[in-house]
Each structure stands twice: as structure tokens, then as C-alpha cells.
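Chemist: coordinates only, sequence not included:
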């Protein structure tokens, strides 16, 4: 059979012989030359190709894995080309890995594409555990608490929503791309936090950044061949070149803003998160001059990039999905509006202090995150040592992925998981029920989302303000398409939306 495949390769006999030799050598090495581990079982696949065909099929891969769980169990081994990956598909195995054995599973799997995007893993989200990573995460958390917490978070949300609401009222009754307006709302919030600036709806820089987010999300899709076939790193595919060129638009924007902040920095006039990072690094260097080589300017640039891009992209997509779901379920939209109207006095705007009095609004947001997980696999982990999951052995350096979609749609945990029903997240008294590991949009353990404690009240306040002021519906004769885009991603599709101001 192998000979048949080789005849299909349009190369010289010498090259075919080399490819055949490499293939046989790799198969022999992985079959006989490595230490044997009792890995979790998984479906059969072709050597070197792995399960790439399943990842690119019409069935989203997160659904396929939940189906395979019936045969192979909650933890299974798959192969992304030659890369071995253990996928965890239920709450027990995820809890064991991320909480009980959090240190074992706290690493990040290294790939060529991520190394390029992060200038050699100088960011927080994708960097492995190290002294530099711990220091960056610590100062980033401190900076977020200083510039995006409590009354400052409330102020930023009000400023951003007011500007967008004025624009929405100008478009009242017209079919519009609501993604653009939600993008502006969230982008201005993070733009203010990171750089003390804001955009207008038709600002060229804002539209350029929004294009970068949308293009890279869609085009990254199922990954890059460069991560699987090393020679392509010297001769990259057209797709990889396009993504790098587009992503550099964003990174150059971040670097320019950082450079301007550094040139004009003053300890006596720190205006934003970027100023705080510069200040924190300078203070650390005064205490230990070696820090200057451990935490470089590029580390701070990458940290700004993490906060800016992750804070914008996940929040805007979550809010967009929630609005689409409320349009598809107008009776739920009316219940949220009734709760907000009942709790908030006439002429008043919702505040962070009202959050506990708006449990149904929060349940809608939480159910939206369960129903539409923005990142169904999150970021890939890596084992930092030989470890175990249940009865199985996991070698050091193994990629580990969490199937968040499987957790959120496990029929053993959630009744009717494919029905959007916010009430499932309320207790018998109508209050928000305690969070469980079965609901995991922000991950857990040592690599949980850096901004979870800010993102949840932020999105709740944004949703309450929008529904206090507007009703969202489809244009006449049209319906909302809730089918997600992608096999490894969960992207919302564009839909025209009518916005009506509430009287």
C-alpha cells in the first residue's frame, strides 16, 4: 500500500526513496524505539498523517471527539500529523489534570507558528512556566486590577457603551452588521485601558484592527502545515505568509503605542496599563539589575498584545453570540429586559453593584458561554513531567487539550444540552447556582484565564446596559443562523440585525 501512495507523489525517484526511508524510519522509531507508555486509547489513524482528515471533515472535531468518547472513554489519544495529543472530554479527567495535578499539566505545547507569533514565547498566554512568565503574569494582574477593576471598570464600560449607543440610535430600524458596533464597544474599553485612547466607528485604525481579528480567526482555522512539516518553515505556505503579514499589522500597532509610551513615560503621570508595565519593569530592575535581560521590552509588548487581543476578541464574540441567541429566543430577551426594568429605577443605568440583583441576566450570559464556547479547545497544555490521567500514563512533553465543548454538552451533566435554557444555571431560589467544573469557558488551575474576574462583571454590565436601552431583532423575513463556523473554532456567522431603541 505504501508503494501505491509513493507513486502518487510527483517527485523524482531519488526524492521518493528519501521520503520512503524517512517514513519507514519514523514509523519504526515511534513503534519500537521509544519507551512504551500505557496511553489512553484512541481511533486508528495513518502514520504521520494522524487524524488530520477528521479535523477537516464536515463534522466539527469537538463533536467528533464527544462521539468517540462513547467507544474510547473520556481521555483519548489522537495525532495531529505526527504530534501526539491527549484530549480530555469529561469533567472528572479535566478536574484531575487542571486542579489535582495542576503543576504536571501547566506547561504550554510549543509549535513553530506560536513561536513566530510571540517572538519566541515572550507572551503570557502561550509561554511555558518560567520565572519570566510568573513575573509577567503577576505584574499584568496588578496592572489590570489598577486600571480595570471596580469603579474604573464601570467608568470604562460607561464611556464605551455611551459612544456606541449614540451610533446605534443613528442606525435605528436599519439592517446593520452589529459585530462592528460590539467590536467598537469592546475595543474602546481595552484601547482605553491599555493606551488611554478611543476610536470612532469609522476610524481607519479601528476598522483595520477589526479586520485583523476577523481575518486571523477565520484563516488560522485548523492550524498550519508549518507546525507539522519542518521543511515548510524555510519555504512557508501562502496561507502562513498571509497570516503573518496580517498579524504584523496588529503587532506593529502595539509596538508603536508601546514605543510612544516609553518615550513619554513619567512615574508621576501613569495613565494606563502600558505605563504600569513600564513602571513595574523599571522598579524590578532597580531591585535586581538582571531583570533587564529576563524581562525585555518585547516581553512587555507581547503582554500588551495578550491583554488587548484576548480581551477584545473573546468578549466581543461572547456578546455577539449572546445577542444572536436572544434574537433567536425573543421570549428570553424580554425576560432579561423585564428583570433589568424591575431592578433598576427609571432613568438610571445598571451598575456593577446591581449584578447580584440581576441573576437571570447573568444566567443568560453564562448559558451563552456554555452553548457557544468561543474557544472549544482553549489553548493546548503540555505535561511538564511523566504523569497520569486515571489509569493511563502520559509522557512528559505531551500535548494535552481540553474539549470545553464536550464538557458544556455532556448529556450526563446537562439535560438537553443543545437547548438554550438559562434557567438551568439558576438554583431553586432564582439565584445564580454555584459554578461547577462542567462550565469551563475560562479554564481552571494554574493556566486559567488571566482576566476572568474582570471579564465576567464587564460582560454582565455591557449586556444589562444594551438590553436596558435596545431591543434586537431580525429583519423581516430573515432568521438568525446559529451554526458555528470552523471545525476547531466556534466563530459566529455574520447576520444583519435590526436595533430598536426602547421607550
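Modeler: Happy to help now that I have it. Computed from a predicted structure; not experimentally measured.
Chemist: quick one, helices of the stretch 201-350 of the chain?
Modeler: Taking DSSP state H, counting those that start in this stretch to define them, one finds helices in the stretch 201-350 of the chain at 204-220, 238-263, 273-287, 291-294, 297-328, 330-343.
Chemist: Pull the number of nearby residues for residue 396.
Modeler: By the measure other C-beta atoms under 10 Å, the count of residues near residue 396 is 12. C-beta coordinates here come from the backbone N, C-alpha and C atoms, glycine included.
Chemist: pLDDT score for it?
Modeler: Looking at residue 396, its pLDDT is 97.
Chemist: The one 10 residues further on too?
Modeler: For residue 406, the pLDDT comes out at 96.
Chemist: just residue 13 next, same as before
Modeler: On the pLDDT scale, residue 13 gets 49.
Chemist: again with residue 10
Modeler: Looking at residue 10, its pLDDT is 47.
Chemist: With residue 19 instead?
Modeler: So residue 19 comes in at 53 (pLDDT).
Chemist: got it, and the one 3 residues further on?
Modeler: You'll see residue 22 listed with a pLDDT of 53.
Chemist: swap in residue 170?
Modeler: 94.
Chemist: Can you get me a residue count around it?
Modeler: A count of neighbours around residue 170, defined by other C-beta under 10 Å, yields 9.
Chemist: if I pick it, what's in contact with it?
Modeler: By C-beta atoms under 8 Å, 6 or more residues apart in numbering, the contact set of residue 170 is empty.
Chemist: repeat for residue 64
Modeler: 54, 57.
Chemist: Can you say which helix or strand has it in it?
Modeler: helix 61-72 (DSSP states H and E).
Chemist: what's the burial count for residue 222?
Modeler: Residues near residue 222, counting by other C-beta under 10 Å, number 13.
Chemist: any idea how far it lies from residue 231?
Modeler: Taking C-beta to C-beta, to the nearest Å as the measure, residue 222 falls 20 Å from residue 231.
Chemist: circling back to that earlier point, show me the one of the helices of the stretch 201-350 of the chain that comes nearest residue 406.
Modeler: Closest approach to residue 406 among these is made by helix 297-328 (18.4 Å; C-beta to C-beta).
Chemist: just to revisit the earlier point, columns distance to residue 476 on top of the helices of the stretch 201-350 of the chain, output as JSON lines?
Modeler: Below are the helices of the stretch 201-350 of the chain laid out as JSON lines (distance: least, C-beta to C-beta, whole Å):
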{"stretch": "helix 204-220", "distance to residue 476": "27"}
{"stretch": "helix 238-263", "distance to residue 476": "36"}
{"stretch": "helix 273-287", "distance to residue 476": "44"}
{"stretch": "helix 291-294", "distance to residue 476": "60"}
{"stretch": "helix 297-328", "distance to residue 476": "13"}
{"stretch": "helix 330-343", "distance to residue 476": "14"}
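Chemist: give me every residue that touches the residue lying closest to residue 176 once chain neighbours are set aside.
Modeler: Closest residue in space to residue 176, ignoring its immediate chain neighbours: residue 497 at 6.1 Å, by C-beta to C-beta, 6 or more residues apart in numbering. Applying C-beta under 8 Å, 6+ apart to residue 497 gives the contacts 175-178, 323, 327, 472-475.
Chemist: ok so residue 497 is a strand residue?
Modeler: Yes. Residue 497 forms part of a strand when assessed by DSSP: H, G, I helix; E, B strand; the rest coil.
Chemist: For the protein, give me the ranges with low pLDDT.
Modeler: 1-35 (pLDDT under 70).
Chemist: how close does the residue most central in space within it sit to residue 98?
Modeler: What sits nearest the mean C-alpha location of the chain, by C-alpha atoms, centre = their mean, is residue 375, with 4.7 Å. Residue 375 sits 15 Å away from residue 98, going by C-beta to C-beta.
Chemist: Where does the residue nearest to the centre of the chain sit: helix, strand or coil?
Modeler: Three-state assignment for residue 375 (three-state DSSP): coil.
Chemist: repeat for the one 4 residues further on
Modeler: Residue 379 falls in the coil class when you classify it by three-state DSSP.
Chemist: next one: phi and psi at it?
Modeler: Torsion angles at residue 379 (phi, psi; degrees, to the nearest 10) stand at phi -100, psi 140.
Chemist: Which positions within stretch 96-104 qualify as buried?
Modeler: 96-98, 101, 104 (16 or more other C-beta atoms under 10 Å).
Chemist: got CSV for these, with secondary structure and distance to residue 305 too?
Modeler: Below are the buried residues of stretch 96-104 laid out as CSV (DSSP: H, G, I helix; E, B strand; the rest coil; distance: C-beta to C-beta, whole Å):
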residue, secondary structure, distance to residue 305
96, helix, 32
97, helix, 28
98, helix, 25
101, coil, 30
104, coil, 28
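Chemist: Quick check: end-to-end length of stretch 372-382?
Modeler: 25 Å (C-alpha to C-alpha, to the nearest Å).
Chemist: now stretch 377-386
Modeler: Where stretch 377-386 begins and where it ends lie 22 Å apart, using C-alpha to C-alpha.
Chemist: element containing residue 152?
Modeler: helix 151-170.
Chemist: What's the first helix or strand after that helix?
Modeler: Sequence-wise, the next helix or strand downstream of helix 151-170 (DSSP H and E) is strand 175-177.
Chemist: And that following strand, what does it pack against?
Modeler: Other helices and strands packing on strand 175-177, by 3 or more C-beta pairs under 8 Å, 6 or more residues apart in numbering; DSSP states H and E, are strand 496-501.
Chemist: Now do the buried residues in the strand it packs on.
Modeler: 497-499.
Chemist: Same check on stretch 281-295?
Modeler: For stretch 281-295, by 16+ other C-beta under 10 Å, it's 281, 284, 291, 294-295.
Chemist: Tell me which two in these are the farthest apart.
Modeler: Within the buried residues of stretch 281-295, 281 and 294 form the most distant pair, 10.0 Å apart (C-beta to C-beta).
Chemist: Just the strands from the stretch 351-500 of the chain, written as ranges.
Modeler: For the stretch 351-500 of the chain, applying DSSP state E, counting those that start in this stretch gives strands covering 381-382, 387-389, 392-394, 399-402, 470-473, 496-501.
Chemist: and for stretch 377-389, what are the contacting residues?
Modeler: Defining contact as C-beta under 8 Å, 6+ apart, one finds that stretch 377-389 is touched by 40, 62, 75, 85-86, 88, 93, 96-97, 101, 103-110, 125-126, 128-129, 393-405, 443, 447, 488.
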